[in-house]
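> Here is the input, now give the coordinates:
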Amino acid sequence: MGIFLDLLFPRKCVLCQRILSRREESLCAACRAEIEPRPMGKHKLPHIARWYALWDYEGKVPESIHRFKFRAHPGYAQEYAKLLAQQLEMLEFPEPDYISWVPISAKRRRNRGYDQAQLLARHLSNEVDIPFVRVLNKTVNNPPQSTIRGEAQRRANVLGAYSIDDPEYVIGKKLLLLDDVLTTGATAGECARVLLTAGAREVALVTVGAVPRIK
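I've put the predicted structure just below:
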């Protein structure tokens, strides 16, 4: 049955879309050799205790994430999560009490059909066996951060855009937020600020991509 499904729906590399051999998983051998995972993030992000991004947001990575977000490839979330879980284990990334995500607005979710960060969080939760919960709501359908230039303008764009969903999973807890791309840290920082104000012990962040200038 598995061979038959592979013939109908061949597994493809999430970066280059080449059909994978039976020995390959998530990435083809060429992409594994070409695109190395990033080290642990050292750049200080506002309100974030620690962070990690799987890849630099360059080369084949932006197109892969665009397919995931905008071209109906939700299955990428599971492949990204497998790769993230492997790296987080190697880096001995501290375990949180709960895994959650940076949510998109209800309007954007209706248009897209899914929240890509929520899918990432759910699949990473399954990979590392840590509970997955909703801790935030996005209450403002503000312009996408990708359309705004300047770090100060980005911070202003997300200020007040998030609220706490359930304080039970926040107060005194160590939380890990998932998102697709880290650009300036404005969005994740605002989410972390809201959570810390509500009583979270600490907030960490994991993303698939991060702009190369942030190390």
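> so how far is Leu15 from the residue sitting nearest the centre point of the chain?
Nearest residue to the geometric centre of the chain (Cα atoms, centre = their mean): Asp179, 2.7 Å. In this view, Asp179 and Leu15 are 19 Å apart by Cβ to Cβ, to the nearest Å. For every residue, glycine as well, the C-beta is placed using N, CA and C.
> Any regions of the chain where pLDDT drops low?
1-9, 141-160 (pLDDT under 70).
> Tell me where it has strands.
51-56, 98-101, 136-138, 162-164, 174-182, 202-210 (DSSP state E).
> export the last one as PDB, just CAs?
Right, strand 202-210. What follows is strand 202-210, C-alpha atoms only, in PDB (Å, rounded to 0.1, in the frame of the first residue of the first chain):
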ATOM      1  CA  GLU A 202       9.600  32.600  30.300                       C
ATOM      2  CA  VAL A 203       8.900  32.600  26.500                       C
ATOM      3  CA  ALA A 204      11.200  30.900  23.900                       C
ATOM      4  CA  LEU A 205      10.800  31.000  20.100                       C
ATOM      5  CA  VAL A 206      11.400  28.500  17.300                       C
ATOM      6  CA  THR A 207      11.000  29.300  13.600                       C
ATOM      7  CA  VAL A 208      11.700  27.600  10.200                       C
ATOM      8  CA  GLY A 209      13.600  30.500   8.800                       C
ATOM      9  CA  ALA A 210      15.400  33.600  10.000                       C
END
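> Give the pairing partners of it; include direction for each.
In the sheet, strand 202-210 lines up against strand 51-56 (parallel), strand 174-182 (parallel) (DSSP bridges).
> contacts for the first one?
Counting contacts by Cβ atoms under 8 Å, 6 or more residues apart in numbering, the residues outside strand 51-56 that touch it are 35, 37-38, 40-41, 45, 61, 80, 83-84, 87-88, 91, 93, 182, 188, 204-212.
> now the strands of the chain in CSV, with distance to Asp129?
Below are the strands of the chain laid out as CSV (distance: least, Cβ to Cβ, whole Å):
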stretch, distance to Asp129
strand 51-56, 18
strand 98-101, 10
strand 136-138, 22
strand 162-164, 25
strand 174-182, 13
strand 202-210, 16
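> Go through those strands and name the closest to Val128.
strand 98-101 (7.7 Å; Cβ to Cβ).
> by contact count, what packs against the closest one?
On a contact count with 3 or more Cβ pairs under 8 Å, 6 or more residues apart in numbering; DSSP states H and E, strand 98-101 meets helix 116-128, strand 174-182.
> Distance from the shortest one to the middle of the chain?
Between the mean C-alpha location of strand 174-182 and the chain-wide mean there is a distance of 5 Å, by Cα atoms, centre = their mean, to the nearest Å.
> Could you identify the longest helix within the protein?
Counting by DSSP state H, the longest helix found in the chain is helix 76-90.
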